[in-house]
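**Student:** no sequence on this one, just coordinates:
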């Protein structure tokens, strides 16, 4: 649904679709490889084999979007803002959390309920099973929501310099934590210390957009392809130097989240500024993909896992690459259908309860 606090941008929804699709491709490739199918060996396919970078795009996009709302509204009422965010994420997230508790009923401990707020830490029920594992990042997103009204106020009062100072502090914390953590790479991947700079980078991108909007709109057509190539190259670099969950201590991960969000900020600025048009059916399709992206993200692994357990590795044509492509399209379509049903059933009724939390009424 469209926001009540900022004019609708189809480009934002399209970027949400792209982020969710990257994560889907990452998990599909891993599952296909685990079933015995041929995987992708080229590091240049980093956007797929390290497709968790879609989470970084989500985080950076959140920072960008909410900073744009703050710029448009000029002031944000804290309680209505948090209420809106609860209505946005709680219904589906709680559904996934209850599903995780049900799956782990035999090992349930009362303290597991506290993981509702810290699903990215420890032995969270959502992390014990593949079909609920994607929920790890939701508490990080909500932590950003709780802090954002203050951060946006300080950024608008003190300018971009404040956000740069905040990024510097976050980098210092990362340096402090590097040798103190048993698995620093995983810490940088999944915690506030490792991820919060991506939200801040998105906020910084929004301030750049406000300052240079006309210039960006003039040159976006030329900037878009280099921005996408830079994002692809950055993911290839990460796949080559420090693949995910391989080395417990990889110095590359100290600065990776900041570099990762920087290249995604470039993609966001280029795509949002681009004044061109895609074919109407494609514009609408990608926008719908963005609308259902939250359900798509949280439910995609459940569909992949269910189909893998039921059918294993299909051999429809006997041609490995063709089988992989056909299965990919089929599974993607099924996830799309389930996510659409989930959106209209679980998300949309609560989204209609949201209200305005700023000075400008749309």
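**Tutor:** Yep, that arrived. As the structure is a computational prediction, the values presented were derived from the model and not from experiment. Residues are numbered from 1 along each chain as shown.
**Student:** got a list of contacts for stretch 351-362?
**Tutor:** 1, 3-7, 69, 72-77, 80-81, 83-84, 87-88 (CB atoms under 8 Å, 6 or more residues apart in numbering). Quick note: C-beta positions are derived from backbone N, CA and C, even for glycine.
**Student:** now those residues: which count as buried?
**Tutor:** 3, 5-6, 69, 72-73, 76, 81, 84, 87-88 (16 or more other CB atoms under 10 Å).
**Student:** Relative to residue 93, how far out is residue 199?
**Tutor:** For residue 199, the distance to residue 93 equals 18 Å [CB to CB, to the nearest Å].
**Student:** My understanding was that residue 149 contacts residue 80; is that so?
**Tutor:** No. Counting by CB atoms under 8 Å, residue 149 stays clear of residue 80, with 10.1 Å between them.
**Student:** picking that back up, please narrow the contacts of stretch 351-362 to those residing in helices.
**Tutor:** Counted as lying in helices by DSSP state H, out of the contacts of stretch 351-362, are 69, 72-73, 80-81, 83-84, 87-88.
**Student:** quick one on the thing from earlier: now render the buried ones among the contacts of stretch 351-362 as JSON lines, adding distance to residue 184 and pLDDT.
**Tutor:** Below are the buried ones among the contacts of stretch 351-362 laid out as JSON lines (distance: CB to CB, whole Å; pLDDT from 0 to 100):
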{"residue": "3", "distance to residue 184": "37", "pLDDT": "77"}
{"residue": "5", "distance to residue 184": "38", "pLDDT": "82"}
{"residue": "6", "distance to residue 184": "37", "pLDDT": "86"}
{"residue": "69", "distance to residue 184": "34", "pLDDT": "95"}
{"residue": "72", "distance to residue 184": "39", "pLDDT": "93"}
{"residue": "73", "distance to residue 184": "38", "pLDDT": "91"}
{"residue": "76", "distance to residue 184": "35", "pLDDT": "92"}
{"residue": "81", "distance to residue 184": "33", "pLDDT": "95"}
{"residue": "84", "distance to residue 184": "35", "pLDDT": "95"}
{"residue": "87", "distance to residue 184": "36", "pLDDT": "97"}
{"residue": "88", "distance to residue 184": "32", "pLDDT": "96"}
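**Student:** from these, which is closest to residue 259?
**Tutor:** residue 69 (26.1 Å; CB to CB).
**Student:** Could you find the closest non-adjacent residue to that closest one?
**Tutor:** Distances taken as CB to CB, 6 or more residues apart in numbering put residue 6 closest to residue 69, at 4.6 Å, once the chain neighbours are dropped.
**Student:** Tell me who's in contact with residue 67.
**Tutor:** Residue 67 touches 152, 155, 202-203, 205-207, counting by CB under 8 Å, 6+ apart.
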